[in-house]
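>>> Need a 3D model of the sequence below.
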Amino acid sequence: MNLKQSLAQKTPLVGTFVKTPHFHNTEVLAYSSLDLLCLDAEHAPFDRAAIDTSILAAKSQNKPIVVRIPDSENATILNALDLGADGIVIPHILSAEHARSVVQKSFFGPDGRGYAGSTRFAGYTTHELSGNLAANKSNTCVIAQIEDLEAVDDIDAICQVDGIDCIFIGRMDLTVALKQTTPSHPDVLKAVEKIVTSTQKHGKNCGMFVGDLTELPHWIASGVSLFLLGSDHGFMLSGAQQLQQIFADAVAKNQ
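The predicted structure is shown next:
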């Protein structure tokens, strides 16, 4: 079962963001039991070369990998998909019209994704055109990130756009948009609940990031099935802090 099929079946999935624009971190995480990885090319300094080698590193272990791209321009979408990403996370989807535009850009067809048979996606000319068209249709995941008040207002229409595999809630940007300073503020939770309810109403997969992992049982019970949690930076910091604390405890026992 590929990632697109898992999203369609609302299989519970957990992945993490990769913030370091070097293939080593992605390669190490590809050995983990996480269901997928997400290169954060929106908020981390990934250029095309770093995205290229990081996707290759994930594929060395057959780890599904998506790219959170910085915008919804044709070239940006084309870049990530040609390099072999299993899908894209598109930030700041504002309306159903915007969502439909992104879907069109992600798939081959009239006014859609530009075709080249020389890419990693196409097997560097070793795959037939018909196979590439079929693979694009059956494998490419389009994840729409909702994090603006305009999108919350139009969420029912967005959830009915064909070709969107998942609605991903950008809770921190929603917090800022609502002029709050904590993602647990009632206004933020109300907006999040509205999005989740709409995804369930329209049978759309729902995903989110949460900073407080004690919330996970609630959101899973609410029907959320895709979680991108933490990051490689967070793992390094928490691991270092845990090591330091263990060392400090050992020193204290011998004083």
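
>>> Report the secondary structure element holding the spatially most central residue of the chain.
Nearest to the geometric centre of the chain sits residue 89, at 4.6 Å (C-alpha atoms, centre = their mean). Assigned by DSSP states H and E, residue 89 falls within strand 87-90.

>>> That strand - contacts with which helices or strands?
Judged by 3 or more C-beta pairs under 8 Å, 6 or more residues apart in numbering; DSSP states H and E, strand 87-90 is in contact with strand 65-68, helix 74-82, strand 141-146. Just so you know, the C-beta spots here come from the backbone N, C-alpha and C atoms, and that holds for glycine as well.

>>> and with 10 Å instead?
Strand 87-90 sits against helix 3-8, strand 36-40, strand 65-68, helix 74-82, helix 96-106, strand 141-146, strand 166-169, with contacts defined as 3 or more C-beta pairs under 10 Å, 6 or more residues apart in numbering; DSSP states H and E.

>>> Look up how far residue 195 lies from residue 186.
According to C-beta to C-beta, to the nearest Å, residue 186 and residue 195 sit 15 Å apart.

>>> Looking at these two, which is more packed in?
Comparing residue 186 with residue 195 by other C-beta atoms under 10 Å, the one with more neighbours is residue 195, at 26 against 9.

>>> before we move on, the earlier item: for the strand holding residue 89, what does the pLDDT average out to?
Mean pLDDT, computed over strand 87-90, is 98.

>>> List the neighbouring strands of that strand plus their orientation.
strand 65-68 (parallel), strand 141-146 (parallel) (DSSP bridges).

>>> Distance from the chain centre to stretch 167-186, please.
Averaging C-alpha positions (C-alpha atoms, centre = their mean, to the nearest Å) puts stretch 167-186 17 Å from its chain's average.

>>> got it, and stretch 144-162?
Its chain's average C-alpha position is 16 Å from that of stretch 144-162, according to C-alpha atoms, centre = their mean.

>>> Noted, bye for now.
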